[in-house]
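In: Sharing a sequence plus its predicted fold:
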Amino acid sequence: MEVTNDWYLVLSAVLFAIGAVGLLIRRNPLVMFMCVELMLNAVNITFVALGTRLNDVGGQIAVFFVLVVAAVEVVVGLALVVAVNRRRAGATADDVSVLRG
Amino acid sequence: MIVILFLFVIMLPRVDRAEEAAQGADRRPAAAAAVIGAALCGLVIVVTTVATDELGCRAAGDRAPTALHRCRVDRPGALFSDYATSFEITAAAALAIAVIGAVVLTRAVRKAATSSPISLRPPWSCPPLCLGATTATWATATRPDAADAAVDSAADGGEEA
C-alpha cells in the first residue's frame, strides 16, 4: 500500500488529538508539557506534509521556528515546574491556583 | 530539550498513583475529553486534507495561480535571507533570554527557600520513620515476599526514632 501525503496529515491530526486529550485529563505539569510537545510536533508534521504537497519550502521554515519556540517553552516551563516543586512537592496543575491574587 | 523533558517525566516517581488519588473514580472529565479529542481529530483531518483540495493545490506540480501559490517560498536559502530577522529573534534572542530567565528563576527561588519561614520541609529533614516507610513500600513493590521483613525493619526504625 502506498503511503500518500494524506496519511501524514491523518497521523498529525491523531497525534494532535492525543496531545489535546492528554492536556485536558492529566494533572501533572510535566506530563502536560509532554502533551504540548506532542501537539507542537503534530503541527510540524502537518507543515512538512503540506509543504511537500504544495512544493513550498515555507513549511519547513515554519517547522524550524516551531522547534525553537518549543525549546524556549520547555526551558522556561521546566524552570517553573522545578520552582513550584521545590516549594511543595508533588504539586499538580490545580495547586498552582494558589498563585491567584 | 524534549529529551530533557522525557528524562524529567521518567525520573518522576509514581506520577499515575498521585493523579488517581487526586482524581478519584470520576470518569466524566476523561469521557468529555475523549469526545473533544475525537471531534478535534476529525476537524483537523477535514481542514488539512479536504480544505487544501478545495484551494486547488492537490498536485505538487500544480502551477495554477491560487492564493496559496502567490506567496510561495521555493528557495531553500530563504531561511537565511528573507527570514533572517525572524531567525535571529527566535533562535538567538528568545532562546538566550529564556535560558537566562530559567537560571534567574531557579536561583531566586533557592534564595527565597532558604530565607523564607514558610518554606516546606526539605527532603533531608525527613525523620527516620518516614525513611523506613518509603523503603518498606519500595520493597513491597519490588519483592512481594520481602514485604513482611521490610515492614518489620520499618517498625524497628520507628521505635529507634
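Out: That came through, no problem. Worth saying up front: this structure is predicted, and the values here are computed from it rather than measured.

In: switch to C-alpha atoms for all contacts and neighbour counts from now on
Out: Noted.

In: for chain A, longest helix please?
Out: In chain A, taking DSSP state H as the definition, the longest helix is helix A:58-87.

In: pLDDT of that helix, averaged?
Out: For helix A:58-87, the mean pLDDT works out to 87.

In: buried sites along that helix?
Out: Within helix A:58-87, the residues scored as buried using 16 or more other CA atoms under 10 Å in any protein chain shown are A:58-84, A:86-87.

In: now stretch A:89-101
Out: A:90-92.

In: Kindly export that stretch (C-alpha atoms) in PDB.
Out: The C-alpha trace of stretch A:89-101 is given here as PDB (Å, rounded to 0.1, in the frame of the first residue of the first chain):
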ATOM      1  CA  ALA A  89       6.500  18.500  46.400                       C
ATOM      2  CA  GLY A  90       4.100  16.600  44.200                       C
ATOM      3  CA  ALA A  91       2.200  19.700  43.100                       C
ATOM      4  CA  THR A  92      -0.300  19.300  40.300                       C
ATOM      5  CA  ALA A  93      -1.600  21.900  37.900                       C
ATOM      6  CA  ASP A  94      -4.500  22.500  40.200                       C
ATOM      7  CA  ASP A  95      -2.200  23.500  43.100                       C
ATOM      8  CA  VAL A  96      -0.800  26.400  41.100                       C
ATOM      9  CA  SER A  97      -4.100  28.200  41.600                       C
ATOM     10  CA  VAL A  98      -2.700  29.300  45.000                       C
ATOM     11  CA  LEU A  99      -0.800  31.900  42.900                       C
ATOM     12  CA  ARG A 100      -4.200  33.700  42.300                       C
ATOM     13  CA  GLY A 101      -4.000  37.200  43.800                       C
END
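
In: circling back: in CSV: the buried residues of stretch A:89-101, plus secondary structure.
Out: Output for the buried residues of stretch A:89-101, formatted as CSV (DSSP: H, G, I helix; E, B strand; the rest coil):
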residue, secondary structure
A:G90, coil
A:A91, coil
A:T92, coil
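
In: filter the residues you listed down to the ones near chain B?
Out: Within the set of the buried residues of stretch A:89-101, contact with chain B (CA under 8 Å from any CA of the partner chain) is found for A:G90.

In: coming back round to it: from the buried residues of helix A:58-87, which are also near chain B?
Out: A:58, A:61, A:65, A:68-69, A:71-72, A:74-76, A:78-80, A:82-83, A:87.

In: buried stuff in stretch B:3-13?
Out: B:5, B:9.

In: Mind checking if that stretch is in reach of chain A?
Out: Yes. Using CA under 8 Å from any CA, stretch B:3-13 reaches chain A at B:5-6, B:8-9.

In: Kindly report the same for stretch B:93-102.
Out: Yes. Applying CA under 8 Å from any CA, one finds stretch B:93-102 in contact with chain A at B:94-95, B:98-99, B:101-102.

In: so how far is B:T85 from the nearest residue to A:N44 once chain neighbours are set aside?
Out: What sits nearest to A:N44 in space, not counting adjacent residues and going by CA to CA, 6 or more residues apart in numbering or on different chains, is A:V63, at 5.3 Å. Distance of A:V63 to B:T85, computed by CA to CA, to the nearest Å: 16 Å.

In: ok, now B:A30?
Out: Relative to B:T85, and taking CA to CA, B:A30 is found at 43 Å.

In: repeat for A:M39
Out: To B:T85, A:M39 is 26 Å away according to CA to CA.

In: In terms of packing, which of the two has more residues around it?
Out: A direct count of neighbours by other CA atoms under 10 Å in any protein chain shown for A:M39 and B:T85 places A:M39 higher, at 22 against 12.
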